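Pasted the sequence and its predicted model underneath.
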Amino acid sequence: MKIAMIGSGYVGLVSGACFADFGHSVVCVDKAVAKIEALERGEIPIYEPGLDALVAENVKAGRLSFTTELAGAVAAADMVFIAVGTPSRRGDGHADLSYVYAAAREIALAVTGFTVVVTKSTVPVGTGDEVERIIRETNPAADVAVVSNPEFLREGAAIGDFKKPDRIVVGLEDERAREPMVEVYRPLYLNASPIVFTSRRSSELIKYAANAFLAMKITFINEIADLCEEVGADVQAVSRGIGLDNRIGSKFLHAGPGYGGSCFPKDTLALVKTAQDHGSAVRLIETTVAINDQRKRAMARKVIAACGGDARGKVVAVLGLTFKPRTDDMREAPSLSIIQALQDAGAKVVAHDPVGMEAAKPLLDDAVSYAESPYEAAAGADALVLVTEWDQFRALDFARLKAAMRAPVLVDLRNVYSPDEVARHGFTYEGVGRAA
Ligand code: UGA
């Protein structure tokens, strides 16, 4: 298969490199000249484990290349994937589809022969219809089938998720697209990954419903965690106890400081808007969004309580800034609201993150200072707050921390440590959903 991948951001690059690895011939397209030049030099603009080696291998094998010229790549392609961004539109929370529609217009003018146009970007229900309308209006002679094929990649685990998916979802209205879609995913298909064929609108909704459900599941366990603190129960035990029921499932039941990232906050909001536009309401998701927003600042109150109820003049060391480990992505990271709230309460914040500090600096107040290690961050601190569960923070040397800190207090917002173990080192421990 000859593939043109429009948009060489996170999804486009990972998908393009993986399709190339399956043996297809892939051209990744992007308007950003600097990005394409960097990729041609072998520099990967995002942090994703394994991606640099995968890109390098496939470039070397002649299966993967990069260009800023959309027309040439599309003209030569059997399949064109749209993987451009769909950020939240400022002001109203709707997904901003201007990049998707602009790509559709350019694709319309460049296609030759029958071409399958696949939307991989996360797009609201009905976007496939609009992409098809735009293509037909722009070039009535274009022979295309427009397909929805949402991605379910997690940052930090994207290559594994692409190559061993729980399922592949394909929404199509034109049967001619079925065979090429099977062909492009053949290695996975042979590996028994299920392919769900459905209508285009159902496929578009599956993506939002999946993310909204996961966001709701996290929010559910976060609320149960709050209840655990009140009633003297341990959310880790509750989570395990309910998760072993196959109907519930053990994943995404880890209580923490609230979900963040580029997907859940944006997609839950967009689903709420879509429902409202259709005179409907997804009230569980509306509530999920509200609870999660409040939760981040509530975590700062937890830290202040651990500092004795008053943060003024206190030094708080924050470990982990990115929205989750193994990424440098700071979008909607809980650390942003938590740090802001701590500063508002008069605390001085010293932060450390193994990868995300450069990305974090422009987003955080100038008064935040940065440390090169957890121990440097802890020097003179009144509390140590673990916000992101990087592996580097899973085996901290408590004796060394205690010697460095002004007061030995650990607020573990990811429940990485066992309270007893930390207490044995003479620390005051505060987790999430664990009664003191
Ligand atoms: C998420 C989905 O997991 C992917 O399937 C989807 O493809 C992607 O969004 C997307 O729409 O593109 P991602 O945002 O990379 O992936 O990150 P997750 O691993 O899902 O974590 C999201 C947030 O939930 C993080 O802030 C994480 O810390 C939090 N989380 C996750 C919890 O607080 N508890 C959990 O048990 C799991």
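Received, thanks.

residue contacts, the residue of the chain most remote from its centre?
Here the centre of the chain is the reference, and by C-alpha atoms, centre = their mean the most remote residue is Ala141, at 38.2 Å. When contacts are counted by C-beta atoms under 8 Å, 6 or more residues apart in numbering, Ala141 touches no other residue. Bear in mind the C-beta positions are built from the backbone N, C-alpha and C, glycine included.

separation between it and Gly126?
To Gly126, Ala141 is 25 Å away according to C-beta to C-beta, to the nearest Å.

Now do the SS call for Ile338.
helix (DSSP: H, G, I helix; E, B strand; the rest coil).

Pull the number of nearby residues for it.
29 (other C-beta atoms under 10 Å).

got it, and Arg394?
Neighbours around Arg394, by other C-beta under 10 Å: 12.

That one reaches Asn415, doesn't it?
No. Contact criterion C-beta atoms under 8 Å: Arg394 and Asn415 do not qualify, at 11.5 Å.

so where does the residue farthest from the centre of the chain fall, helix or strand?
In this structure, Ala141 sits in neither a helix nor a strand according to DSSP states H and E.

measure it to Asn246 for me?
For Ala141, the distance to Asn246 - C-beta to C-beta - is 52 Å.

do the same with Glu389
26 Å.

Between those two, which is the more surrounded one?
Glu389 (19 against 7).

Surely that one and Tyr417 touch.
No. The pair Glu389 and Tyr417 does not pass the contact test of C-beta under 8 Å, sitting 10.3 Å apart.

Report the distance from the lowest-mean-pLDDT helix or strand in the chain to the chain centre.
For the chain, counting by mean pLDDT, DSSP states H and E, helix 186-190 ranks last in confidence among helices and strands (a mean of 86). Relative to the mean C-alpha coordinate of its chain, helix 186-190 is positioned 25 Å out (C-alpha atoms, centre = their mean, to the nearest Å).

Name the residues of that helix that come out as buried.
Leu188 (16 or more other C-beta atoms under 10 Å).

going forward, begin numbering at 54 instead of 1
OK, 54 is where the count begins now, so the last one is helix 239-243.

tell me, which helix in the protein spans the most residues?
Ranked by residue count and defined by DSSP state H, the top helix of the chain is helix 253-284.

Following element in sequence after that helix, please.
Heading C-terminal from helix 253-284, the first helix or strand you meet, by DSSP H and E, is helix 288-296.

how about the residues of the stretch 354-489 of the chain near the ligand?
The stretch 354-489 of the chain has residues Phe376, Lys377 near the ligand, with proximity defined as C-beta under 6 Å from any ligand atom.

Show me the strands in the stretch 354-489 of the chain, by range?
368-372, 401-405, 422-423, 436-439, 462-465, 481-483 (DSSP state E, counting those that start in this stretch).

contacts for the fourth one?
Meaning strand 436-439. With C-beta under 8 Å, 6+ apart, strand 436-439 has contacts from 356, 359-360, 367, 369-373, 391, 427, 430-431, 446, 454, 458, 460, 462-467, 469-470.

Tell me how many other residues surround Ala286.
Ala286 has 16 nearby residues by other C-beta under 10 Å.

what kind of secondary structure is Val169 in?
Following three-state DSSP, the label given to Val169 is strand.

count of neighbours near it?
For Val169, the count of nearby residues is 26 (other C-beta under 10 Å).

Tell me the bridge partners for it.
Met132, Ala198 (DSSP bridges).

So for it, what's the pLDDT?
At Val169, the model reports a pLDDT of 98.

contacting residues for Leu267?
Phe305, Phe317.

tell me the secondary structure for the residue of the stretch 154-303 of the chain found nearest the ligand?
Shortest the stretch 154-303 of the chain-to-the ligand distance, computed as C-beta to the nearest ligand atom: residue-wise this is Glu208, at 3.6 Å. Of the three states, Glu208 takes coil under three-state DSSP.

and the closest residue to it other than its chain neighbours, what does it touch?
Distance criterion C-beta to C-beta, 6 or more residues apart in numbering; nearest residue to Glu208, sequence neighbours excluded, is Thr380 at 4.4 Å. Thr380 is in contact with Tyr100, Glu101, Glu208, Gly209, Val408, Gly409, counting by C-beta under 8 Å, 6+ apart.

Let me know how buried the spatially closest residue to the fourth one that is not a sequence neighbour is, in neighbour terms.
Same thing as Gly209. Nearest non-adjacent residue to Gly209, counting by C-beta to C-beta, 6+ apart: Arg379, 3.2 Å away. For Arg379, the count of nearby residues is 19 (other C-beta under 10 Å).

Could I get the contacting residues of Arg379?
Counting by C-beta under 8 Å, 6+ apart, Arg379 makes contact with Tyr100, Pro102, Glu208, Gly209, Ala210, Trp443.

helices or strands next to the host helix or strand of Leu107 in the packing?
Using DSSP H and E, Leu107 sits within helix 104-113. Helices and strands touching helix 104-113, by 3 or more C-beta pairs under 8 Å, 6 or more residues apart in numbering; DSSP states H and E, are helix 63-74, strand 117-120, helix 211-216.

which residues sit against the second one?
I take that to be strand 117-120. 61, 69-70, 73, 79-83, 89, 92-93, 108, 111-112, 126.

Does Lys349 touch Gly309 like I think?
No. Judged on C-beta under 8 Å, Lys349 makes no contact with Gly309 at a distance of 10.4 Å.

tell me, what's touching those two both at once?
Joint contacts of Lys349 and Gly309 (C-beta under 8 Å, 6+ apart) are Pro387.

For the residue lying closest to Lys84 once chain neighbours are set aside, which residues are in contact?
Residue nearest to Lys84 in three dimensions, not counting chain neighbours: Thr121, with 6.3 Å by C-beta to C-beta, 6+ apart. By C-beta under 8 Å, 6+ apart, the residues touching Thr121 are Val82, Asp83, Lys84, Ala85, Val86, Ile89.

The second one and the ligand, how far apart?
So the one you mean is Asp83. 18 Å (C-beta to the nearest ligand atom, to the nearest Å).

Show the contacting residues for the residue nearest to Glu411 when sequence neighbours are not counted.
Spatial nearest neighbour of Glu411, excluding adjacent residues (C-beta to C-beta, 6+ apart): Asp381 at 7.6 Å. The contact partners of Asp381, taken as C-beta under 8 Å, 6+ apart, are Ile99, Tyr100, Thr375, Val408, Gly409, Glu411, Ala412.

could you redo the last one with a cut-off of 6 Å?
Tyr100, Val408, Gly409, Ala412 (C-beta atoms under 6 Å, 6 or more residues apart in numbering).

Buried subset of the residues you listed, written for ChimeraX?
Buried residues among these (16+ other C-beta under 10 Å), as a ChimeraX selection:
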select :100,408,409,412
